[in-house]
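Novice: sequence plus the predicted model coming up.
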2 protein chains.
Amino acid sequence: MDKQFKINAFRTGLAKFVTFEESEWEILTQYLSFSTLKKKEHFVVEGKVCDYIAFIIQGAVRHYHVKDGQEITGYFCFENELVSAYKSFVKRVPSTNFIQALEETQLVLIAYADLQKMLNHPLLALKMERFGRLVAEYYICCFEDRLNAFVTQSPEERYTVLEKTAKDIFQRVPQHYIANFLGITPVSLSRIRKRTLILKD
Amino acid sequence: MDKQFKINAFRTGLAKFVTFEESEWEILTQYLSFSTLKKKEHFVVEGKVCDYIAFIIQGAVRHYHVKDGQEITGYFCFENELVSAYKSFVKRVPSTNFIQALEETQLVLIAYADLQKMLNHPLLALKMERFGRLVAEYYICCFEDRLNAFVTQSPEERYTVLEKTAKDIFQRVPQHYIANFLGITPVSLSRIRKRTLILKD
DNA sequence: TTTAATCCTTATCTTTTGTTAACGTTTTCA
DNA sequence: TGAAAACGTTAACAAAAGATAAGGATTAAA
């Protein structure tokens, strides 16, 4: 997987937010860097300011907290998605969680400092501000849905919805991570699965 | 409370995102409108596209869903905050929830169509894109915290945190709304309060 | 001011979840 | 390849939450 392939995939992935002119793209690509995470390698660690936002070319990561010595997985990201510890990245404060590769993961990176340069670059500023706005709006919509699920649905309902809308996640992510993601314990998810399986007959 | 007072309060409230030059402000203020919601009046109703984003000069609102004929309150907004059904507003899709005034509420409004005009206005575009980005980033951070609370904390812990960080909300909002906000039933919140009260001795 | 509606608490009972531990299977890696 | 770690299920018990209903207090409205 060569660099040009990654750059092209990145450009395609950004198309749902903004499309860059050739001249703009030439500037932007100068600020990109690349990284490969091995399985279990960390992209973000607790206590450190997150300095990058990344686009996932290939692979998957999980966000997790450590509470009472236990890991609690709060979110997943897969290929063609952006990933960062947003609050840490945006506000320049230490991250409260880890982000770790679930598989070998290919990333295109934009450093915070470089993003600021682009936001101040006369030929790029407007497009980059729009890009940032649209990305943030996109995640607001995702988070709004996820928050609504916690407020209005039971764990079992959240599981059922996930099983319908993103079945493939169960083939790709250990079930006890998914349990945390749904706001419950692995044991409880196992019971819910048994319950709902019987109902399917 | 006259219009000029509201405009000034609005400007002050936006200062944490961007500060507008006089020339910019003159243009922007031409796109503002104003509204007063009586208690229980709706700012957004389910099924309709939300056409406004609003700044709360005075008052309070709640977001709620209707599920099985029951209202479930998911979020509150108070003075000096922005309020909208973001997903509906941004994506131009029907809102899945209601937003209703908890008290008489004074709003400064920006219509979606006018916001687009400003985003395309040569003298305003850059500043407005930035404004939009920073607002969206701000809410991402809020939502991230709230999501983490649902994943990593028990209902009792969420209550305890709220009681420590926003005690005043209990003086202002009916407790059964707060219960929903915490992801539990009013009966359960009442029990948690009793439990934690005893522990305080 | 009287009536109705809203709200919080409490009690009872049911259901669900959390906790801990055991077991067998699969995966990892030394 | 062989030992260790990771994973999912199940069981048993405790703790918490949901559902329903009743009672009393406060608030709103006719």
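Specialist: Perfect, thanks for sending it. Residues are numbered from 1 along each chain as shown, chains lettered A, B, ... in the order given.
Novice: now the end-to-end length of stretch A:76-90.
Specialist: With Cα to Cα, to the nearest Å as the measure, the first residue of stretch A:76-90 is 19 Å from its last.
Novice: quick one: it to chain centroid distance?
Specialist: When distances are taken as Cα atoms, centre = their mean, to the nearest Å, stretch A:76-90 is centred 4 Å away from the chain's centroid.
Novice: can you check stretch A:70-78 too?
Specialist: The answer for stretch A:70-78 is 10 Å, by Cα atoms, centre = their mean.
Novice: which residues touch it?
Specialist: Stretch A:70-78 is contacted from outside by A:56, A:59-66, A:83, A:97-98, A:102, A:169, A:172-173, A:177-178, A:180-181, B:147-148, B:151-152, using Cβ atoms under 8 Å, 6 or more residues apart in numbering or on different chains. (Each C-beta comes from the backbone N, C-alpha and C, glycine too.)
Novice: any chance you could map the strands in chain A?
Specialist: Ranges of strands in chain A, per DSSP state E, are A:32-37, A:42-44, A:52-58, A:60-67, A:70-78, A:82-83, A:98-101, A:105-111.
Novice: and the shortest one, which strands flank it?
Specialist: Right, the one you point to is strand A:82-83. With DSSP bridges as the test, strand A:82-83 is paired with strand A:52-58 (antiparallel).
Novice: contacting residues for A:Glu103?
Specialist: Taking Cβ under 8 Å, 6+ apart as the test, what A:Glu103 contacts is A:39, A:59-60.
Novice: and it, how far is that from A:Leu37?
Specialist: 9 Å (Cβ to Cβ, to the nearest Å).
Novice: between these two, what contacts are shared?
Specialist: Joint contacts of A:Glu103 and A:Leu37 (Cβ under 8 Å, 6+ apart) are A:Gly59.
Novice: is any part of the top helix by length along chain A close to DNA strand C?
Specialist: Counting by DSSP state H, the longest helix found in chain A is helix A:125-152. No - Helix A:125-152 is not in contact with DNA strand C by Cβ under 7 Å from any atom of the strand; minimum separation 12.2 Å.
Novice: any part of the helix or strand of chain A with the lowest mean pLDDT near DNA strand C?
Specialist: Least confident helix or strand of chain A, by mean pLDDT, DSSP states H and E, is helix A:186-199 with a mean of 89. Yes - using Cβ under 7 Å from any atom of the strand, helix A:186-199 reaches DNA strand C at A:187-188, A:191-192.
Novice: in CSV, list these along with neighbour count and distance to chain B.
Specialist: Converted to CSV, the residues of helix A:186-199 next to DNA strand C look like this (neighbours: other Cβ atoms under 10 Å in any protein chain shown; distance: Cβ to the nearest Cβ, whole Å):
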residue, neighbour count, distance to chain B
A:Val187, 10, 16
A:Ser188, 15, 13
A:Arg191, 14, 18
A:Ile192, 21, 17
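Novice: and chain A, which residues reach chain B?
Specialist: Listed as neighbours of chain B in chain A under the rule Cβ under 8 Å from any Cβ of the partner chain: A:65, A:67, A:72-75, A:86-87, A:90-91, A:96-97, A:125-126, A:129-130, A:132-133, A:136-137, A:139-141, A:143-148, A:150-152, A:180-181, A:183.
Novice: out of these, which end up buried?
Specialist: A:65, A:72-75, A:86-87, A:90, A:96-97, A:126, A:129-130, A:132-133, A:136-137, A:139-141, A:143-144, A:146-148, A:150-152, A:180-181, A:183 (16 or more other Cβ atoms under 10 Å in any protein chain shown).
Novice: who does the longest helix of chain A touch, helix- and strand-wise?
Specialist: On a contact count with 3 or more Cβ pairs under 8 Å, 6 or more residues apart in numbering or on different chains; DSSP states H and E, helix A:125-152 meets helix A:112-120, helix A:155-165, strand B:60-67, strand B:70-78, helix B:86-91, helix B:125-152.
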